[in-house]
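*Asks:* sequence and computational prediction follow.
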Amino acid sequence: MNLQEIQSHFQDIVLNEHCQAANWVSDREGRLPSKQRLAIYHNAYRMRLIEVMFENFEHTAVYLGDEWFEQLATAYVQSHHSIFNNIGFYGHKFPAFLMTQLPDDKEVAELAELDWTLRRAFDGEDSDVLTLETLPILASRDPENFCLTPVPTMTLTTHECNTLDIWHAIDKEETPPTVTTLPQPVSVLTWRKGHSPHFRSVSPLEATAIQWASEGYRVEDIGEALQNRFPEIDISSEFGVMLHRWVIDEVLAFN
């Protein structure tokens with residue numbers, strides 16, 4: 001066997017659910033049997049990824065408890081092999097995995113999604129943020145095609161449960177409230193301000209506006225479309241308030 005074949009076989013052994021022996025690993029007197037030596041790597045691969053899961057989904061782990069979380073993390077590790085050079089990025093499909101495993105407990109998947117977006121906001125791509133001083137500069141470049149660009153760390157998600165209340169309680173080391181389904185889904189904005197990740201719930205109007213901004217629509221078009229969708233609201237006034245808050249909160253980038 002050449003080196004590439006050995007590496008391929010070794011990877012298969014590590015990734016397989018059950019550790020297998022390999023005839024190309026020699027047994028020597030006074031050493032562990034070859035299968036037990038391979039099992040060290042087989043187990044270490046899983047233990048390290050599960051450890052990363054505990055780090056990336058800290059609040060979810062607290063909510064479920066270590067034992068239950070580890071069972072779910074173990075199942076995820078076996079069905080989702082690591083594909084990243086940076087191990088910190090492992091777990092991006094875990095919220096969706098939890099939704100399939102716990103379909104009647106949507107708050108768990110939502111909590112994991114919030115953990116993940118906050119983690120990714122923390123180490124996300126840097127960018128120059130739009131300020132009250134640079135906003136007029138941006139607007140004057142091409143007034144007819146004036147667009148707003150959210151920072152790369154911005155994420156917009158949707159919650160159907162009181163997951164934000166659960167997250168806050170866990171963060172304060174308090175007993176989480178009873179799970180309830182919200183009267184209507186709420187949008188949650190996640191981003192990094194300075195060096196710290198932030199999140200807050202946003203109104204349907206604000207969620208729609210920031211989503212359209214992220215899709216590259218002109219400010220003029222966003223205003224017109226918002227007025228059509230929310231005819232009972234004074235959009236010109238409301239949009240000004242939202243824009244000011246986005247700038248203060250460092251939600252927008254200066255490109």
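*Replies:* Nice, thanks for sending it over.
*Asks:* now stretch 229-238: mean pLDDT?
*Replies:* On average, the pLDDT along stretch 229-238 is 95.
*Asks:* what's that stretch in contact with?
*Replies:* Residues outside stretch 229-238 that contact it (CB atoms under 8 Å, 6 or more residues apart in numbering) are 204, 205, 208, 223, 226, 227. For the C-beta atoms, the positions are set from N, CA and C on the backbone; glycine is no exception.
*Asks:* out of those residues, which end up buried?
*Replies:* For these, a burial check counting by 16 or more other CB atoms under 10 Å picks out 205, 208, 223, 226.
*Asks:* buried residues, the helix or strand hosting the second one. List them.
*Replies:* Meaning residue 208. Per DSSP states H and E: residue 208 is located in helix 204-214. With burial defined by 16+ other CB under 10 Å, the residues of helix 204-214 counted as buried are 205, 206, 207, 208, 209, 210, 212, 213.
*Asks:* returning to what we had before: tabulate the buried ones among the contacts of stretch 229-238 (a markdown table), appending distance to residue 148.
*Replies:* As requested, these are exported to a markdown table (distance: CB to CB, whole Å):
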| residue | distance to residue 148 |
| --- | --- |
| 205 | 15 |
| 208 | 13 |
| 223 | 11 |
| 226 | 13 |
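*Asks:* now, which of these sits nearest residue 128?
*Replies:* Set against residue 128, the nearest of the buried ones among the contacts of stretch 229-238 by CB to CB is residue 223 (24.7 Å).
*Asks:* wait, a helix at that closest one?
*Replies:* Yes. Membership of residue 223 in a helix is supported by DSSP: H, G, I helix; E, B strand; the rest coil.
*Asks:* separation between it and residue 119?
*Replies:* For residue 223, the distance to residue 119 (CB to CB, to the nearest Å) stands at 34 Å.
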